[in-house]
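K.L.:
sequence unknown, structure follows:
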C-alpha cells in the first residue's frame, strides 16, 4: 500500500504511562488499540494511560510497532517476535494482560490469555495459587470435599513449578 | 484503580475468566480447588457458555472426542478417544473407558442424541438420562408422560434453544390408533425447569427413529407420510425456537438403487447417499436453508477392503473423511482416493455406536450443586 504522507507529516500521538513517562508513537501504530482509537476519533493526540505502567507500555509499544508493519513476507518474523514477547515471568504476563485488556488490543489479549492458560494447564492448584497470588479460602475440610468431587481431574502427576 | 504494590500484580476477575475459558475441561475441574471465587466462576452458566464458545472455535480438534458405546451383555460400555489421535496418531492407542454411572442389569442402553457434550441415553422404554462424560455428571430425567404401548415407537432428539439459553430433549411417540389412525405426540423436556411439556401434534408422518440431527437451531429427522404408498422419504425439521415444522429441501440425488442417511459434517446438515457396494456420495448443505448450497464433497468408492456399510463421522479441512465401517473406523483421503485404518484399538463388540462430541462443562443439572 503506497503511503502519500511524508515521514515528517505522519500524525503522532503521545502516550503517558501511570508513572508519568511519555512516549511518542505514530497514530497508525496506536490505533490498533480500540481505547486509543476512540480517543483519536474524539480529537485527542495526548493519551494518558493511568492503568498502564512504563515497563508494560514499552513492551506493548514494541508489539504494536511490529504488528503495524505486518505483511505476508514477515509472517515468520512476527511469529518469532510473539514467541519472545510472551517468554517472560507470570507477573510480567499479568501486567501485560491487564494493560492489553485496558487498551482493548484483542489479538494481544488473546495471545496472552492463551499463553497463560497453556502454562498453567498441567499445574497443581497449590502452584496456581502461588502464581496468581491467591490465598486459599477453603477450610481443610472444604478443600478435601471439593477435591473428592473432582477426583478424576487429580489422576496423574502435576507440575509444581512456579514458572 | 490503586496499584497497591507493583511487585504483586492482581489479575482482575474478568481477565481470570478469559484465561480459564481457554483451558480444557480436566484442568478446569482441578482449578475449582484453587479458591471459592474460582469455583463459583468456573461453575457459572456464563462461564460455561464462554468456555464452550472457545472450545468450538478451536481448529485443531483438541477438544473434539469420539464416543464409542455398545450395550454389551446388557450393560453400557463406553469409551472415548480424542479426534486428533484418531486422525493423526500413527502408533496404536487405546481409548479411555468411561464410567457410565448407571449400570442396571438387563437394560439395553442407547445413545439417542447429543449436543454440546451432553448425551441423552435411553433404555428403550421410559427411562431417559442426560450425561456429560467430560465432567462425569449423570441425571435421570423425569417421566415424560408418553403412554408407550406395543404399537408405538419412540424417536428422540437433543438440541439447544439460543433464545431461552436452554437445552431440550424432544421425544416423539408415534402410534396407530384404531379410531384416529396414526398419531404423533411431541414432548419437549426443558433442562432449566427439569420438566416436560407437550407440543403440537404432527399428524400422519412416520419418523425414522435414528437420533435427530441438530443443525441451525432445528432438529432433523427422516420421515415419510403415512398415506404415501410410494414410501418416499423426506427430511422434516423442528425449530426449537418457535416449535414450527418444515420440510427441508434436499439435493437432486441421482436416480438409482440407493439408500440415504442424514448426518452432520462440520456443523452442517449432510446427506449420505449409499449405492451399496458401488459408492457413497457425501452431500453437505453449506448454507443452511439454501437448496443450491448442497454440495457433493466426496464420492467414496467401495474398495474391496470395505466389507460393511460405511457412514461418515467427521470431515477435516483437507477433506479427509472419518468413516464408521461396521464396528470399526476407516479414514478416507478424498484428494488421493486412498483409505487407511486409524490406529485406535476399538474394543470388541457388535453394534458399536460412534458419536462425535465436544468436551464441555455443560451440566445435566443446569446449575451445578457446589
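P.N.:
Cool, the structure landed. For clarity, every value in this text was computed on a predicted model and none was experimentally measured.
K.L.:
Give the closest residue to residue B:82 in space, chain neighbours not counted.
P.N.:
Nearest non-adjacent residue to residue B:82, counting by C-beta to C-beta, 6 or more residues apart in numbering or on different chains: residue B:65, 5.5 Å away. (C-beta placed from N, C-alpha, C; glycine too.)
K.L.:
Assign a three-state SS to residue B:154, would you?
P.N.:
strand (DSSP: H, G, I helix; E, B strand; the rest coil).
K.L.:
what's the burial count for it?
P.N.:
Counted by other C-beta atoms under 10 Å in any protein chain shown, the residues lying close to residue B:154 total 20.
K.L.:
Tell me who's in contact with it.
P.N.:
For residue B:154, the contact set (C-beta atoms under 8 Å, 6 or more residues apart in numbering or on different chains) comprises B:122, B:146, B:148, B:171-173, B:209.
K.L.:
How far off centre is stretch A:98-115?
P.N.:
Put simply, stretch A:98-115 sits 4 Å off its chain's centre (C-alpha atoms, centre = their mean, to the nearest Å).
K.L.:
Tell me the buried residues in that stretch?
P.N.:
A:98-103, A:105, A:108-109, A:111-115 (16 or more other C-beta atoms under 10 Å in any protein chain shown).
K.L.:
Just the ones in helices from these, please.
P.N.:
A:98-103, A:108-109, A:111-115 (DSSP state H).
K.L.:
Could you list which of the residues you listed also contact chain B?
P.N.:
For chain B, the contacts drawn from those by C-beta under 8 Å from any C-beta of the partner chain are A:98, A:101, A:109, A:113-114.
K.L.:
Angles on the backbone of the residue nearest to residue B:82, please.
P.N.:
phi -130, psi 160 (degrees, to the nearest 10).
K.L.:
How about residue A:92?
P.N.:
phi -60, psi -40.
K.L.:
For it, give its distance to residue A:163.
P.N.:
11 Å (C-beta to C-beta, to the nearest Å).
K.L.:
What ranges does chain A have for its strands?
P.N.:
A:12-16, A:22-26, A:46-48 (DSSP state E).
K.L.:
on contacts alone, who are the packing partners of the shortest one?
P.N.:
Going back to what we said before, that points to strand A:46-48. Packing partners of strand A:46-48 (3 or more C-beta pairs under 8 Å, 6 or more residues apart in numbering or on different chains; DSSP states H and E): strand A:12-16.
K.L.:
Let's have the strands of chain A in a markdown table, adding mean neighbour count.
P.N.:
Output for the strands of chain A, formatted as a markdown table (neighbours: other C-beta atoms under 10 Å in any protein chain shown):
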| stretch | mean neighbour count |
| --- | --- |
| strand A:12-16 | 17 |
| strand A:22-26 | 14 |
| strand A:46-48 | 15 |
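K.L.:
And those strands: which comes nearest residue B:296?
P.N.:
Judged by C-beta to C-beta, the one of the strands of chain A that comes nearest to residue B:296 is strand A:22-26, at 50.8 Å.
K.L.:
Just the angle for that closest one relative to strand A:12-16, thanks.
P.N.:
150 degrees (axes from the mean of the first three to the mean of the last three C-alpha atoms, to 10 degrees).
K.L.:
Partner strands of strand A:22-26 and their direction?
P.N.:
strand A:12-16 (antiparallel) (DSSP bridges).
K.L.:
And the contacts of the partner strand?
P.N.:
By C-beta under 8 Å, 6+ apart, the list of residues contacting strand A:12-16 reads A:22-27, A:30, A:36, A:40, A:45-49, A:57, A:61.
K.L.:
What of stretch A:140-147?
P.N.:
Taking C-beta under 8 Å, 6+ apart as the rule, stretch A:140-147 contacts A:136, A:138, A:154, B:32-33, B:39.
K.L.:
Tell me how many other residues crowd residue 40.
P.N.:
Unless you meant another one, I'm taking chain A. 17.
K.L.:
that answer is for a different chain, and I need it for chain B
P.N.:
So residue B:40, with other C-beta under 10 Å, has 12 neighbours.
K.L.:
Give me the mean pLDDT for the host helix or strand of it.
P.N.:
Assigned by DSSP states H and E, residue B:40 belongs to helix B:36-43. Averaging pLDDT along helix B:36-43 gives 95.
K.L.:
Output the contacting helices and strands for it.
P.N.:
helix B:13-20, helix B:25-31.
K.L.:
re the thing from before, the more surrounded of residue A:92 and residue A:163?
P.N.:
residue A:92 (15 against 9).
K.L.:
Can you give me every residue that contacts residue 35?
P.N.:
With no chain named, the answer covers chain A. Counting by C-beta under 8 Å, 6+ apart, residue A:35 has contacts A:102-104.
K.L.:
I was after chain B.
P.N.:
Residue B:35 neighbours (C-beta under 8 Å, 6+ apart): A:129, A:134-138.
K.L.:
Of the residues you listed, which qualify as buried by neighbour count?
P.N.:
A:129, A:134, A:138.
K.L.:
From those residues, which land in helices?
P.N.:
Filtering the buried ones among the contacts of residue B:35 for helices - DSSP H - leaves residue A:129.
K.L.:
ok, which of the buried ones among the contacts of residue B:35 also contact chain B?
P.N.:
Among the buried ones among the contacts of residue B:35, chain B is touched by A:129, A:134, A:138 when using C-beta under 8 Å from any C-beta.
K.L.:
Touching, the last one and residue B:37? I think so.
P.N.:
No - taking C-beta atoms under 8 Å as the definition, residue A:138 is not a contact partner of residue B:37, at 10.9 Å.
K.L.:
what does chain B put close to chain A?
P.N.:
Within chain B, the positions near chain A by C-beta under 8 Å from any C-beta are B:1, B:3, B:6-12, B:14-16, B:18-24, B:26-39, B:136.
K.L.:
Give the residue spans of chain A that score low on pLDDT.
P.N.:
For chain A, the stretches with pLDDT under 70 are A:1-8.
K.L.:
try it again with 90
P.N.:
A:1-10, A:69-74, A:151-163 (pLDDT under 90).
K.L.:
how about the residues of it near chain B?
P.N.:
Counting by C-beta under 8 Å from any C-beta, chain A sits next to chain B at A:18, A:51, A:53, A:91, A:94-95, A:97-98, A:101, A:109, A:113-114, A:116-117, A:120-122, A:124-125, A:128-129, A:132-138, A:143, A:146-147, A:150, A:152-154, A:158.
K.L.:
related to what we said a few turns ago, list the contacts for the residue nearest to residue B:82?
P.N.:
B:80-83, B:356-359 are the contacts of residue B:65 under C-beta under 8 Å, 6+ apart.
K.L.:
Check residue A:96 too.
P.N.:
A:56, A:59-60, A:88, A:108, A:112.
K.L.:
now do residue B:185
P.N.:
B:146, B:172-174, B:198, B:201.
K.L.:
What residues are bridge-paired with it?
P.N.:
Going by DSSP bridges, residue B:185 is paired in beta bridges with residue B:173.
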